[in-house]
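K.L.:
Mind looking at a prediction? Sequence and model below.
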Amino acid sequence: SHRTTPPPCPPDTFEVERQVVEELRTNARGTNASLLVDEFFFEYHFATPNEPTLHTYWPKRTRGGTVDDALSLMHELRAKGIRAHFWI
């Protein structure tokens, strides 16, 4: 059999990821996407003043908010019936 090397992982696309989250949260584009999603996993990039190691992986432009902001967002999505989870 012929084996190939898998392509490298693409970099985080936080800007795109946030657009998806915002559409699930607000339905601003009228897609009703939240009706199609049962479960959602999201790598929430937040400011980590006490964990500078994460800054290596999260470019400054993608960091913002707090752990409390991430929890609030997950709570809001869960209120819409989406089993929402975040991780760092």
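P.N.:
Everything's here; your move.
K.L.:
Nearest residue to D38 in space, please, no chain neighbours.
P.N.:
Nearest residue to D38, sequence neighbours excluded (C-beta to C-beta, 6 or more residues apart in numbering): R83, at 6.5 Å. For the C-beta atoms, the positions are set from N, CA and C on the backbone; glycine is no exception.
K.L.:
show me where pLDDT drops low in this protein?
P.N.:
Residues of the chain meeting the criterion pLDDT under 70: 1, 6-12, 47-64, 88.
K.L.:
Okay, strands next: where are they in it?
P.N.:
Assigned by DSSP state E, the strands in the chain fall at 39-43, 83-87.
K.L.:
burial measure for F40, as a count.
P.N.:
By the criterion of other C-beta atoms under 10 Å, F40 has 18 neighbours.
K.L.:
no, scratch that, I was asking about A70
P.N.:
19.
K.L.:
Double-check it against W87; I have them as touching.
P.N.:
No: applying C-beta atoms under 8 Å, one finds A70 not in contact with W87, separated by 9.4 Å.
K.L.:
what sits in contact with each of the two?
P.N.:
Y44 (C-beta atoms under 8 Å, 6 or more residues apart in numbering).
K.L.:
just to revisit the earlier point, show me what the residue nearest to D38 bridges to in the sheet.
P.N.:
Judged by DSSP bridges, the bridge partners of R83 are E39.
K.L.:
Now do the contacts for it.
P.N.:
D38, E39, F40.
K.L.:
From those residues, pick the one nearest N27.
P.N.:
F40 (14.6 Å; C-beta to C-beta).
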